[in-house]
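Asker: Using only what follows, build the 3D model:
(2 chains)
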Protein chains: 2
Amino acid sequence: MNRPLPVEKMVDVIKRLPGVGPKMAERLSYHILKMSEHEIDKLLDSIQKARQIIKSCSCCYNLSEHDPCPICSDISRERHMLCVVETPQDLIAVSKVKEYRGLYFVLGGALSPLEAIGPDDIKVDKLIKRLKSDCISEVIIATDTDSKGEMTAVYLAELIKKLNIKVTRLGYGLPVGGDIEYADEVTISRAIAGRKEM
Amino acid sequence: MNRPLPVEKMVDVIKRLPGVGPKMAERLSYHILKMSEHEIDKLLDSIQKARQIIKSCSCCYNLSEHDPCPICSDISRERHMLCVVETPQDLIAVSKVKEYRGLYFVLGGALSPLEAIGPDDIKVDKLIKRLKSDCISEVIIATDTDSKGEMTAVYLAELIKKLNIKVTRLGYGLPVGGDIEYADEVTISRAIAGRKEM
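Answerer: Have a look, this model is predicted:
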């Protein structure tokens, strides 16, 4: 006996979600079949509501219930600083840092030649356009520190420098609260290079 | 900045799914927000269709598009053998074995005192009722081999023996294609006890 066809179809769609393998998709599907009417309504409603209400901010491409988003429309922010991040989740992480009071720009990903993601697939053009029209004096590049994020940072830095705008990258070093024993070589070498006098 | 409220709600509902932690729930939620209208329709449709069409077989409690399910309604099967499994997924796994041509019974879980799952929370009563009314001569208990499955097997075996029905348990031993180096002590000791002359 195989799985009934409608279950097969559900497993098939669910396993395409990121981080969900075939086994997990099966487990989720059978769980969904066992959920009460109330629970399933809550799940489907929350998805549909979020998709209806959440929009992309036309200014920074952050996801928000409002356009422009609360950050872009906050007039108390320093409008000459722009922090470039890959995703809305990254924006939330950086925004927890009280010291930074500038604006943001969400690229929507990182360059990745292996996955055929080029500058046209992320919002490079829109970033450059914004830098040309707004009075930005410094761009802080806060892309991930993996190879894709690094490549994107180097690529953007070259473009932005041509506009005579200062470009900085988040500092490398040991994560706070981390154990040196478990830090990798590259991180330690960056931490040494970025050492501070005490 | 925190996540927008509708996203927060979606993350909250998704993280209650089995095997999905808070980080994964966030990742899935933001992925869902980025999916195309077509993709999201496919996801929600597949869930709704499966829930509408799939029912529990009133005879063996397997999930199926039909009631009774194709196995229970297959008159060529040996109706005096009953294999007891925990879940519909387990039933599918056992049904791949061509040698077994009997019927099934899906308990819907295993006993677990720690999680307060007792005989009334799984279909013990319904199993006993069926054994009393049907002409079953042997019950093969194919619950999981973890502590909950073992406990359930022992519990059921006692009940079933009282009905003067033969009870067997799937044999223990090394999984086929496995590496002895990685097998645990208990499995090896069971494999030695169950050794066969060559």
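
Asker: Now do the buried residues in the lengthiest helix in chain A.
Answerer: What stands out as the longest helix in chain A, according to DSSP state H, is helix A:37-53. Buried residues in helix A:37-53, counted by 16 or more other C-beta atoms under 10 Å in any protein chain shown: A:40, A:42-44, A:46-47, A:50-51. C-beta coordinates here come from the backbone N, C-alpha and C atoms, glycine included.

Asker: can you check stretch A:181-193 too?
Answerer: A:187, A:190-191.

Asker: Compile those residues into a markdown table and extend it with columns for pLDDT.
Answerer: Output for these, formatted as a markdown table (pLDDT from 0 to 100):
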| residue | pLDDT |
| --- | --- |
| A:Thr187 | 82 |
| A:Arg190 | 79 |
| A:Ala191 | 79 |
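
Asker: and of these, the nearest to B:Asp146?
Answerer: Lowest distance from B:Asp146 to the buried residues of stretch A:181-193 (C-beta to C-beta) belongs to A:Thr187, with 39.9 Å.

Asker: which residue packs closest to that closest one, ignoring adjacent ones?
Answerer: A:Leu174 (6.4 Å; C-beta to C-beta, 6 or more residues apart in numbering or on different chains).

Asker: how much space between the one residue sitting closest to the centre of chain A and chain B?
Answerer: Nearest residue to the geometric centre of chain A (C-alpha atoms, centre = their mean): A:Thr87, 1.7 Å. Going from A:Thr87 to chain B by C-beta to the nearest C-beta, to the nearest Å gives 7 Å.

Asker: hang on, isn't that residue packed against A:Phe105?
Answerer: No. The criterion here is C-beta atoms under 8 Å, and A:Thr87 misses it with A:Phe105 at 11.7 Å.

Asker: wait, does the longest helix of chain A contact chain B?
Answerer: Yes. Looking at helix A:37-53 against chain B by C-beta under 8 Å from any C-beta of the partner chain, the contacts come from A:40, A:42-44, A:46-51, A:53.

Asker: before we move on, the earlier item: pLDDT value on the residue nearest to the centre of chain A, please?
Answerer: In the prediction, the pLDDT value recorded for A:Thr87 is 93.

Asker: Would you mind giving the residues of helix A:37-53 next to chain B as JSON lines with pLDDT and distance to A:Val20 added?
Answerer: What follows is the residues of helix A:37-53 next to chain B, written out as JSON lines (pLDDT from 0 to 100; distance: C-beta to C-beta, whole Å):
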{"residue": "A:Ile40", "pLDDT": "95", "distance to A:Val20": "18"}
{"residue": "A:Lys42", "pLDDT": "96", "distance to A:Val20": "20"}
{"residue": "A:Leu43", "pLDDT": "96", "distance to A:Val20": "15"}
{"residue": "A:Leu44", "pLDDT": "96", "distance to A:Val20": "18"}
{"residue": "A:Ser46", "pLDDT": "96", "distance to A:Val20": "18"}
{"residue": "A:Ile47", "pLDDT": "96", "distance to A:Val20": "15"}
{"residue": "A:Gln48", "pLDDT": "95", "distance to A:Val20": "20"}
{"residue": "A:Lys49", "pLDDT": "95", "distance to A:Val20": "22"}
{"residue": "A:Ala50", "pLDDT": "96", "distance to A:Val20": "19"}
{"residue": "A:Arg51", "pLDDT": "95", "distance to A:Val20": "19"}
{"residue": "A:Ile53", "pLDDT": "96", "distance to A:Val20": "25"}
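
Asker: Ignoring the adjacent residues along the chain, who's closest to A:Cys72?
Answerer: That would be A:Cys59: by C-beta to C-beta, 6+ apart, it lies 4.3 Å from A:Cys72.

Asker: my bad, A:Leu163
Answerer: Once flanking residues are discounted, A:Leu163 sits nearest to A:Leu131: 5.6 Å by C-beta to C-beta, 6+ apart.

Asker: Neighbours of the one you found, how many?
Answerer: 18 (other C-beta atoms under 10 Å in any protein chain shown).

Asker: Distance of it relative to chain B?
Answerer: A:Leu131 is 22 Å from chain B, by C-beta to the nearest C-beta.
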